[in-house]
Structure formats: structure tokens, C-alpha cells
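Trainee: one predicted model, sequence on top.
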Amino acid sequence: MARAIYFDHDGALDDLLSLTLLTRYRGVSLKGVTVTPADCLIEPAVSVTRKILDLAGAQHVPVAAGTLAGPNPFPLEWRVDALRADALPVLNQRAENTARLSPLPAHLQLAEWLSTAPEPVTLLMIGPLTNLAWCLREHPEVESKIAELVFMGGAIDVAGNVDRPGHDGSAEWNVYWDPAAARRVFESEIPITLFPLDATDQVPITPEFARSFGRHYGSPLSDLAGSLLAMTFGCFETTGFSYCCWDSLTTSYLAEPDLCEFEDVRCVVLTEGVSQGRTVRADSGRLVKCAKKVDAQRFYRHCLDVLAESTGTPAFSTQ
């Protein structure tokens with residue numbers, strides 16, 4: 001039986017690559033997508049999400065727009081990437097979107113999906129945990145409906161990527177955007193598989209990786225992937241850090257769980273002070289399955305192999 005997945009992302013370029021990969025995975029049944037208004041402008045992020053589902057032949061998958069905001073906003077210059085991606089020619093071959101748009105905001109829709117799930121599901125969350133934290137606070141009974149949370153977030157034994165006035169730089173952005181939400185989820189009993197910067201920074205987007213999709217030009221999802229990767233160029237020159245496959249590596253775990261080596265780690269989320277949003281090792285902390293070492297070349301081949309064979313027909317199960 002296919003693994004039931006609910007997917008929450010926040011509209012950045014790597015999030016969109018993750019969605020593209022997710023539509024190709026066999027053995028995965030994508031049940032719904034929620035979009036958190038974190039590293040994106042929400043309207044184009046929802047629009048481009050629906051267009052990718054259309055392109056992948058997954059119009060039946062519903063999309064819900066997030067309305068809950070975290071206290072620490074992403075820089076606006078990062079959030080406009082969804083606006084640019086929404087205008088890519090490969091995504092605008094149709095006059096209008098046909099993928100389903102939920103009438104409910106993302107947090108309410110996620111709560112409904114979880115409460116009515118016939119059996120425990122997997123949550124793939126590659127943005128902040130705000131929607132899930134709301135569900136756990138307002139509908140604690142849904143916790144039992146979650147078999148596993150696969151989460152891109154945190155920095156355990158490496159520096160963070162938050163560079164904001166008054167912060168010490170120890171936090172990762174998905175946790176920093178809403179530290180209290182992350183802490184609430186980490187205080188639950190949900191099994192968590194964590195992909196922190198320790199692992200995801202091992203797979204930077206290299207020119208060779210991005211340009212490899214050009215050898216498969218004419219395959220729509222491969223063209224989309226190459227365009228999204230090309231749009232990340234200039235990140236180091238403008239921000240001082242490399243754009244990495246933070247989210248797509250996390251997503252690949254659903255298809256290739258042995259791409260990474262893992263360590264059991266106990267950690268807590270700090271919610272106050274100059275280190276707010278930091279994930280810290282603590283003997284009394286929450287036990288998580290933490291990705292530590294990545295087979296980077298195998299990951300790059302995985303992405304190319306999955307998307308180069310794409311034809312626009314969904315590879316994942318709809319059952």
C-alpha cells in the first residue's frame with residue numbers, strides 16, 4: 001500500500017523542487033498540500049504550487065493557503081522567488097489552474113485532514129511548523145494520527161543561517177520563523193525524523209548539478225527543475241552562504257531513506273533571547289532521528305534520474 005503523505009512547504013525555490021520530486025515518487029500517495037506564508041509571498045506560492053500539480057498530472061491533490069504568521073519574518077528579497085517561479089513559461093502553458101484549491105486556511109484544512117485520516121499518516125514539513133503546532137494546541141487528538149513527521153529544520157552541531165540584528169546566528173530559519181511552534185511540536189510524542197543544516201548543507205546546488213538537467217531539455221518536469229535550480233544562482237554573492245538542497249534532500253528520504261546516515265539526538269528548541277530558534281543538544285531533550293551524513297553524489301543522481309524520466313503522468317499512487 002502507498003504511504004499517505006501530507007506536505008507543508010513555504011514556497012521557496014527548493015520547496016518547489018521538492019514538490020516536483022514528490023509527484024514522481026512511486027509508493028507515495030500525496031493527499032494534500034498546505035503552504036505556509038514564510039519564505040514566500042503566499043498568493044504566488046499557492047499559484048505556482050497548483051501549476052506544478054497541473055504539470056505533473058496531479059490536479060486531484062488539494063492545496064490550502066496558510067494564514068498564520070510567525071514572529072520573525074523572512075527577508076522580503078527571498079520571499080519574491082515564488083513570484084518569479086510562478087511566471088516560468090513551462091508552468092504557463094494553460095490558461096488557468098485546474099488543481100484543487102481548498103476553501104479552508106491551511107491550519108484548519110490540516111486539522112480536518114488529520115482528524116478524518118483512516119490511519120496514521122506521514123507529514124513532510126519543509127517550512128516552519130506553525131500549522132502543525134496550531135493543530136496540536138487546538139485539536140490534540142490529531143497527534144495520534146501522525147505516524148512520522150519528516151522535518152527540515154534546525155542546526156545541531158553547526159552554525160545556523162539566521163543573520164538578523166540582535167541574534168547570535170545559531171538558529172536555522174524554519175525554526176527561527178516561529179520558535180514557539182517548533183517547541184510545541186518537539187514537546188509532542190510524534191516520531192520526528194529531522195534534517196538539520198548539519199546534513200542539508202552537504203548538498204549545495206552546484207553549477208554541474210543545475211546544468212545537468214539541460215541534457216534532458218524537453219521533458220517538462222526536468223525543464224522546471226533546471227529552471228528552479230538556475231534561479232538559485234547568485235545566492236552566495238548576495239547573502240554570503242550557498243543555496244543548498246535543504247528541502248529536496250529532506251523530501252528524497254521518502255523515496256531513498258538510505259541516502260543519509262542518522263543519529264539519535266536529544267534536543268530542545270530555545271524560544272527566547274539572542275539564540276531564539278536554536279536547536280540545542282540536551283540530555284533531557286526530545287529524542288529525534290537526525291540526519292548526519294549524506295551521500296551527496298547519489299542524491300544528485302537521484303534527482304536527475306527521477307525528473308529526467310518524467311512525462312507529465314503521475315508516478316505516485318493515487319490510492
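Mentor: All right, it came through fine.
Trainee: what about Leu13, how many residues nearby?
Mentor: Residue neighbour count, defined by other CB atoms under 10 Å, stands at 25 for Leu13. Using the backbone N, CA and C atoms, a C-beta is placed for each residue, glycine as well.
Trainee: ditto for the one 10 residues further on
Mentor: Other residues near Thr23 come to 25 when the count uses other CB under 10 Å.
Trainee: pretty sure it contacts Thr49?
Mentor: No: in terms of CB atoms under 8 Å, Thr23 does not count as a neighbour of Thr49; the distance is 11.0 Å.
Trainee: could you look up the SS state of the nearest residue to Ala199 once chain neighbours are set aside?
Mentor: Using CB to CB, 6 or more residues apart in numbering and skipping the chain neighbours, the partner closest in space to Ala199 is Ala291 (3.7 Å). Under DSSP: H, G, I helix; E, B strand; the rest coil, the three-state class of Ala291 is strand.
Trainee: Ala291 reaches Asp198, doesn't it?
Mentor: Yes: shown here, Ala291 and Asp198 form a contact pair, counting by CB under 8 Å, at 7.4 Å.
Trainee: more crowded one of those two?
Mentor: Here Ala291 and Asp198 are set side by side on neighbour count (other CB under 10 Å), and the busier one is Ala291, at 26 against 22.
Trainee: specify the beta-bridge partners of that one.
Mentor: Note on Ala291: beta-bridge partners Phe262, judged by DSSP bridges.
Trainee: what about the strands in the chain?
Mentor: 3-9, 28-35, 63-65, 121-125, 146-152, 192-195, 260-269, 279-281, 286-294 (DSSP state E).
Trainee: show me what contacts Ala308?
Mentor: Applying CB atoms under 8 Å, 6 or more residues apart in numbering to Ala308 gives the contacts 213, 215-216, 219, 222.
Trainee: and if you look at Asp198?
Mentor: 155-158, 290-292.
Trainee: before we move on, what about Thr200?
Mentor: For Thr200, the set of contacting residues under the criterion of CB under 8 Å, 6+ apart consists of 152, 244-247, 249-250, 291, 294.
Trainee: likewise Trp173?
Mentor: Applying CB under 8 Å, 6+ apart, we find Trp173 in contact with 39, 74, 160-162.
Trainee: how near is it to Val150?
Mentor: Between Trp173 and Val150 the distance is 18 Å, computed by CB to CB, to the nearest Å.
Trainee: try Ser47
Mentor: 25 Å.
Trainee: what's the lowest-mean-pLDDT helix or strand in the chain packed up against?
Mentor: Comparing every helix and strand of the chain by mean pLDDT, DSSP states H and E singles out helix 235-239 as the least confident one, with a mean of 82. For helix 235-239, the packing partners by 3 or more CB pairs under 8 Å, 6 or more residues apart in numbering; DSSP states H and E come out as none at all, with no helix or strand in contact.
Trainee: output that helix as CSV - backbone C-alpha positions only.
Mentor: Written as CSV, here are the backbone C-alpha positions of helix 235-239 (Å, rounded to 0.1, in the frame of the first residue of the first chain):
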residue,chain,number,x,y,z
CYS,A,235,22.8,33.3,-3.6
PHE,A,236,26.4,33.2,-2.3
GLU,A,237,27.3,36.5,-4.0
THR,A,238,24.3,38.3,-2.4
THR,A,239,24.0,36.6,1.0
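Trainee: run through this protein and note the low-pLDDT ranges.
Mentor: Within the chain, the stretches with pLDDT under 70 are 309-319.
Trainee: centroid residue for it?
Mentor: Compute the mean C-alpha point of the chain, and by CA atoms, centre = their mean the closest residue is Ile126, 2.4 Å away.
Trainee: now Ser222. Nearest residue, chain neighbours left out?
Mentor: Distances taken as CB to CB, 6+ apart put His216 closest to Ser222, at 4.3 Å, once the chain neighbours are dropped.
Trainee: got a list of what the one you found touches?
Mentor: 222, 304, 307-308.
Trainee: again, but for Val33
Mentor: Contacts of Val33 by CB under 8 Å, 6+ apart are 6-9, 19, 49, 53, 61-64.
Trainee: nearest to Arg266, of those?
Mentor: Asp8 (24.7 Å; CB to CB).
Trainee: list phi and psi for the nearest residue to Asp163 once chain neighbours are set aside.
Mentor: When the adjacent residues along the chain are set aside, Asp163 lies closest to Gly169, with 6.1 Å between them (CB to CB, 6+ apart). Per-residue torsions, Gly169: phi 80, psi 10 (degrees, to the nearest 10).
Trainee: repeat that for Gly240.
Mentor: Here the main-chain torsion angles of Gly240 (degrees, to the nearest 10) amount to phi 90, psi 0.
Trainee: and the gap between the closest residue to Gly27 other than its chain neighbours and Thr49?
Mentor: Of all residues beyond its chain neighbours, the one nearest Gly27 is Ala2 (5.6 Å), with distances taken as CB to CB, 6+ apart. With the distance defined as CB to CB, Ala2 ends up 21 Å from Thr49.
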